[in-house]
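Asker: here are the coordinates; sequence isn't available:
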Ligand code: NDP
């Protein structure tokens, strides 16, 4: 069965829209999400546009703040700090990657945890690891929702996460562990990847290596979540999983595009409402 992330995300956004309207009535204003875009990377611009569009649908004011690729680090830090100090801004997202002259850690550290809708601030990362209340990063949060949409309990399952980035693999492994899966994290030094992925009841692949996983590497009946996005032509995206062969073996599988991507955006909207709620004590 194909896990239709776009349809599930649409349902999430519709319920968030109702929640946002109620919160806005109580607060006397709409929630506001500031999205910072540096440079003219076409993929980043597309992602920012889809976030602003989703915000408008949900009833969140999207404030787009753009800088040229040549912006200096101090200028960007000052601008992000000004957004952080602005009481009318509830969430701040800095679209990654940033140009080479800018240290992303310095920029992300300027966003206070209460406005960190991406869940990338060290305090949110630590809270996730400690099992405390925090903003959960959007992509891993959306992946858990996609798995839950299958109706299959995560508890007791063998989960394999391929990829160990700070934004996808590591936080997702922790979320799966919190749901009592037995979790293995694989990466580029993993030997005999296929023997590990074939054990997975839940297989999540987030490497950026197009077509890395084919059907022979998937356990029959598994849930397969493909996070990877590789642009193979101006109009075609490819995932990390070879959909044609893996879909013959898996019980559930996400397409690329239309799987994890839309859920990531929906979770960003949810995180923005959560920040709005808790900042204003609504
Ligand atoms: P990173 O480049 O930060 O991390 C990639 C990870 O994959 C690393 O841990 C790397 O291992 C591992 N890896 C690379 N090649 C292999 C291999 N051959 N075998 C096993 N492991 C491998 O990427 P991200 O986590 O940021 O993103 C991964 C993919 O997901 C990208 O395509 C990205 O575009 C996409 N993405 C999609 C999102 C969405 O909303 N749909 C959101 C975020 C990302 P090592 O650590 O050893 O280098």
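Answerer: Yep, that arrived. Everything quoted here is computed from the prediction, not taken from an experiment.
Asker: which strands and helices sit next to the lengthiest helix in the chain?
Answerer: Assignment by DSSP state H gives helix 5-27 as the longest helix of the chain. On a contact count with 3 or more Cβ pairs under 8 Å, 6 or more residues apart in numbering; DSSP states H and E, helix 5-27 meets helix 42-58, helix 138-148, helix 260-280. Quick note: C-beta positions are derived from backbone N, CA and C, even for glycine.
Asker: could you dump those helices into CSV with distance to the ligand and mean neighbour count added?
Answerer: Output for the helices and strands packed on helix 5-27, formatted as CSV (distance: least, Cβ to the nearest ligand atom, whole Å; neighbours: other Cβ atoms under 10 Å):
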stretch, distance to the ligand, mean neighbour count
helix 42-58, 8, 17
helix 138-148, 4, 23
helix 260-280, 3, 23
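Asker: where does the stretch 1-150 of the chain come near the ligand, residue by residue?
Answerer: Within the stretch 1-150 of the chain, the positions near the ligand by Cβ under 6 Å from any ligand atom are residue 139.
Asker: which one of the helices and strands packed on helix 5-27 lies closest to residue 200?
Answerer: Set against residue 200 and scored by Cβ to Cβ, these come closest in helix 138-148, at 11.9 Å.
Asker: count of residues packed around the residue nearest to residue 209 when sequence neighbours are not counted?
Answerer: Residue nearest to residue 209 in three dimensions, not counting chain neighbours: residue 240, with 5.8 Å by Cβ to Cβ, 6 or more residues apart in numbering. Residue 240 has 24 neighbours, counted by other Cβ atoms under 10 Å.
Asker: show me the contacts for residue 240.
Answerer: Shown in contact with residue 240 (Cβ atoms under 8 Å, 6 or more residues apart in numbering): 162, 205-213, 226-228, 230.
Asker: then residue 44?
Answerer: Contacts of residue 44 by Cβ under 8 Å, 6+ apart are 37, 95, 96, 97.
Asker: now, which of those sits nearest the ligand?
Answerer: Nearest to the ligand out of the contacts of residue 44 is residue 96 (Cβ to the nearest ligand atom; 8.3 Å).
Asker: am I right that that closest one sits in a helix?
Answerer: No. Using DSSP: H, G, I helix; E, B strand; the rest coil, the secondary structure at residue 96 is coil, not a helix.
Asker: what does the stretch 151-282 of the chain put close to the ligand?
Answerer: Within the stretch 151-282 of the chain, the positions near the ligand by Cβ under 6 Å from any ligand atom are 162-165, 167-169, 186-190, 193, 206-209, 212, 227-230, 260-261, 264.
Asker: can you give me the distance of residue 220 to residue 198?
Answerer: Distance check for residue 220 against residue 198: by Cβ to Cβ, to the nearest Å, it reads 9 Å.
Asker: looking at those two, which has the bigger crowd around it?
Answerer: In terms of neighbours (other Cβ under 10 Å), residue 198 is the more surrounded of residue 220 and residue 198; the figures are 17 against 10.
Asker: so that one sits right up against residue 221, yeah?
Answerer: No. Using Cβ atoms under 8 Å as the test, residue 198 is too far from residue 221 to be in contact (11.8 Å).
Asker: where along the stretch 101-250 of the chain do the helices fall?
Answerer: All helices of the stretch 101-250 of the chain, identified by DSSP state H, counting those that start in this stretch, fall at 104-110, 122-130, 138-148, 169-178, 193-197, 243-246.
Asker: and the fourth one, what does it pack against?
Answerer: Looking back up the chat, that one is helix 169-178. By 3+ Cβ pairs under 8 Å, 6+ apart, helix 169-178 packs against helix 122-130, helix 138-148, strand 158-162, strand 182-186.
Asker: repeat that with 10 Å
Answerer: Secondary-structure packing of helix 169-178 (3 or more Cβ pairs under 10 Å, 6 or more residues apart in numbering; DSSP states H and E): helix 122-130, helix 138-148, strand 158-162, strand 182-186, strand 202-205.
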